[in-house]
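>>> Give me a 3D structure for the following:
(one chain, ligands or ions: 1)
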Amino acid sequence: MADGATQKTVTLLVDGKEISLPVMSGSVGPDVIDIRKLYAQTGMFTYDPGFTSTASCSSTITYIDGDKGELLYRGYPIDQLAEKSHYLEVCYLLLYGDLPTAAQLEDFENRVTRHTMLHEQILNFFRGFRRDAHPMAVVCGVVGALSAFYHDSTDITDPWHREVASLRMIAKLPTICAWAYKYSIGQPFVYPRNDLDYATNFLHMCFATPCENYIVDPIFTRAMDRIFTLHADHEQNASTSTVRLAGSSEANPFACIAAGVACLWGPAHGGANEACLRMLREIGTVDRIPEYIDKAKDKNDPFRLMGFGHRVYKNFDPRAKVMKESADEVLGLLGVENNPTLQVAKELEKIALEDPYFIERKLYPNVDFYSGIILDAMGFPTSMFTAIFALSRTVGWIAQWKEMIEDPEGKIGRPRQLFVGAPQRDYIDVEKR
Ligand code: SDX
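Numbering: from 1, shown residues only. I've put the predicted structure just below:
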């Protein structure tokens, strides 16, 4: 892994003593202060809840410039990939670092296609859930259970095991997510088909039934593939950091991805697309938007505008721009461009972007703002939105996990703390309390 070493240093003055700390530079983006020796030199920790100013690792996979609203996968801008590439090619890029040749891509797609089935015994797992279980509960449980079935790809020290586990995860998540959906609506599972491309196969497994032939609309395939691509990876976000931390203990890859699924579920993270659509529906009509804008500004009201704001982007989320185009395309196809939810979304975006509260805090629509509208128009229930996000992000989690495992500097993650609890005190017998 690139060590970023430079001749630059910064100096701390601690109790009159000068402490010199090395500065590291990446290929692009902010320099970092190497504090690995800080505790040994000063007896002090740094303090950074939420890691707003902390680089947890060095990486070559995804770069974000929050101020410019830039997102690069292995150096390629997300808008170019969304326009010119497709999800499995993006998976190859994220996993192996470069765009594939035609032969490499064909081989990769064939290998993924032939791992899309689940061990037949896993069907019993689905049947153990209540029908009204949230799909994310099912996906989290089944992904974790994969380690009980695929023992031939859980040795993290074996490069071949890592490769096979990666392909299995990318290949099987669509089947797991589609079957979680089918189970929730009481319809029979539809098996993957090797003659369909990745996005079409997923939509076919979700919406086909054994009773008749089901043809996926190419516009839906394009929109689905684009949603997969836009969500594929995003630097060291909460769920990716969870996967890296779980992986640092040398847990098997399936368990690590299940941990990522669990973290993504939260409404502050991947659950925001589901929460955003529920919010748009609750607002209902354009005339009620000001009431909700006021609620979002009210410090005494926990309500936040779902789909707005981002820890890193202090400009437009570049994914939201592409997602907005897809929303117009899909809803135009369906002849529902007057969809009330879309009207509320567009007016809410317009009002919020003109409001000083949002301007001062640089709160812009993020990737979750429009994705829910597209998925809703395609016929997915809101409960499936985050599961689709998890499906898309699996390749990012796996690529980051592999990079961490293969990093010779890797070690188990173990943050410290600022302890503000009770100093040592002696036990008091119950009769004396
Ligand atoms: C994703 O990290 C990633 O990369 C994530 C992700 C990915 O691809 O992995 O991009 C996917 O998770 C996108 C984000 C989806 N979440 C939401 O849409 C939920 C709504 N957004 C907020 O919860 C919030 O914006 C966060 C969690 C996304 C970011 O929060 P931060 O960076 O911790 O910012 P903050 O909470 O400190 O807010 C700063 C100010 C505060 O006001 P003040 O205290 O300064 O007065 O902005 C306000 C906040 O109250 N604020 C909002 C707001 N988001 C922040 N006010 C109203 N509505 C909002 N949505």
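>>> from what I can see Lys295 touches Ile289, true?
No. Lys295 lies out of contact with Ile289 (CB atoms under 8 Å); the separation is 10.6 Å. (Glycine included, C-beta is placed from N, CA and C.)
>>> These two: which is more packed in?
When neighbours are counted by other CB atoms under 10 Å, Lys295 and Ile289 differ, and Ile289 comes out ahead with 18 against 14.
>>> Now do the phi/psi pair for that one.
Backbone torsions of Ile289, given as degrees, to the nearest 10, read phi -60, psi -50.
>>> where's it relative to Trp265, distance?
Ile289 sits 28 Å away from Trp265, going by CB to CB, to the nearest Å.
>>> try Lys37
The value you get for Lys37 to Trp265, if CB to CB is used, is 37 Å.
>>> now do Glu250
24 Å.
>>> more neighbours, Lys37 and Trp265?
Counted by other CB under 10 Å, Lys37 and Trp265 do not tie: Trp265 has more neighbours, with 22 against 12.
>>> and Met44, what does it touch?
With contact set as CB atoms under 8 Å, 6 or more residues apart in numbering, Met44 has these partners: 14, 38.
>>> Just say helix, strand or coil for it.
Using DSSP: H, G, I helix; E, B strand; the rest coil, the structure places Met44 in coil.
>>> contacting residues around the residue in the chain that the ligand sits nearest to?
The ligand sits closest to Gly309 of the chain, with a gap of 2.3 Å, by CB to the nearest ligand atom. By CB under 8 Å, 6+ apart, Gly309 lies in contact with 361, 363-364, 366.
>>> now, which of these lie within helices?
Among the contacts of Gly309, no residue falls in helices (DSSP state H).
>>> Any quick ChimeraX command for the buried ones out of those?
Buried residues among those (16 or more other CB atoms under 10 Å), as a ChimeraX selection:
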select :363,364,366
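>>> so where's this structure uncertain?
1-2, 337 (pLDDT under 70).
>>> At the contact with the ligand, which residues of it appear?
234, 237, 268-270, 272, 296, 304-312, 361, 363, 366-368 (CB under 6 Å from any ligand atom).
>>> what's the longest strand in this structure?
Determined from DSSP state E, the single longest strand within the chain is strand 5-14.
>>> Pull the distance from that one to the chain's centre.
Its chain's average C-alpha position is 34 Å from that of strand 5-14, according to CA atoms, centre = their mean, to the nearest Å.
>>> try stretch 224-238
Relative to its chain's centre, stretch 224-238 lies at 6 Å (CA atoms, centre = their mean).
>>> just stretch 325-344 next, same as before
Per CA atoms, centre = their mean, the centroid offset for stretch 325-344 relative to its chain is 25 Å.
>>> got it, and stretch 202-212?
With CA atoms, centre = their mean, you get 26 Å for stretch 202-212.
>>> do the same with stretch 392-410
13 Å.
>>> Go through that stretch and flag the buried ones.
Buried-residue list, stretch 392-410, by 16+ other CB under 10 Å: 392-405, 410.
>>> What's the biggest helix in the chain, counting residues?
helix 159-184.
>>> Which elements pack onto the following helix or strand past that one?
With elements assigned by DSSP states H and E, the helix or strand that comes after helix 159-184 is helix 198-207. On a contact count with 3 or more CB pairs under 8 Å, 6 or more residues apart in numbering; DSSP states H and E, helix 198-207 meets helix 87-96, helix 159-184, helix 218-230.
>>> For Arg111, which of those helices is the nearest?
Closest approach to Arg111 among those (CB to CB): helix 159-184, 5.6 Å.
>>> Output the contacting helices and strands for that closest one.
Helix 159-184 packs on helix 102-113, helix 123-127, helix 135-145, helix 198-207, helix 253-264, helix 385-405, going by 3+ CB pairs under 8 Å, 6+ apart.
>>> in that helix, what counts as buried?
So, applying 16+ other CB under 10 Å, buried residues of helix 159-184: 161-162, 164-184.
>>> residue nearest the centroid of the chain?
The chain has Arg393 as the residue nearest its centroid, 4.6 Å off, counting by CA atoms, centre = their mean.
>>> quick one: that one from Glu235, how far?
Arg393 is 12 Å from Glu235, by CB to CB.
>>> ditto for Thr113
Relative to Glu235, Thr113 is positioned 29 Å away (CB to CB).
>>> and if you look at Arg168?
Here the criterion is CB to CB. By it, Arg168 lies 25 Å from Glu235.
>>> One more: Ile35?
The gap separating Ile35 from Glu235 is 20 Å, by CB to CB.
>>> And Lys68, by the same measure?
For Lys68 relative to Glu235 (CB to CB), the value is 14 Å.
>>> ok, back up a step: the residues of the chain next to the ligand in helices, which ones?
272, 296, 367-368.
>>> Looking at neighbours, which among the residues you listed is most surrounded?
Using other CB under 10 Å as the neighbour criterion, Asp368 leads those with 29 neighbours.
>>> Spit out the contact partners of it.
270, 272-273, 276, 306-307.
>>> now swap in Cys91 and tell me
Neighbours of Cys91 in contact, by CB under 8 Å, 6+ apart: 108, 112, 170, 232, 395.
>>> For Thr154, state which of those is nearest.
Of those, the one sitting nearest to Thr154 (CB to CB) turns out to be Ile170, at 16.4 Å.
>>> my guess is the closest one contacts Trp397, does it?
No. Assessed by CB under 8 Å, Ile170 is found out of contact with Trp397, at 10.2 Å.
>>> Sweet, I'm off.
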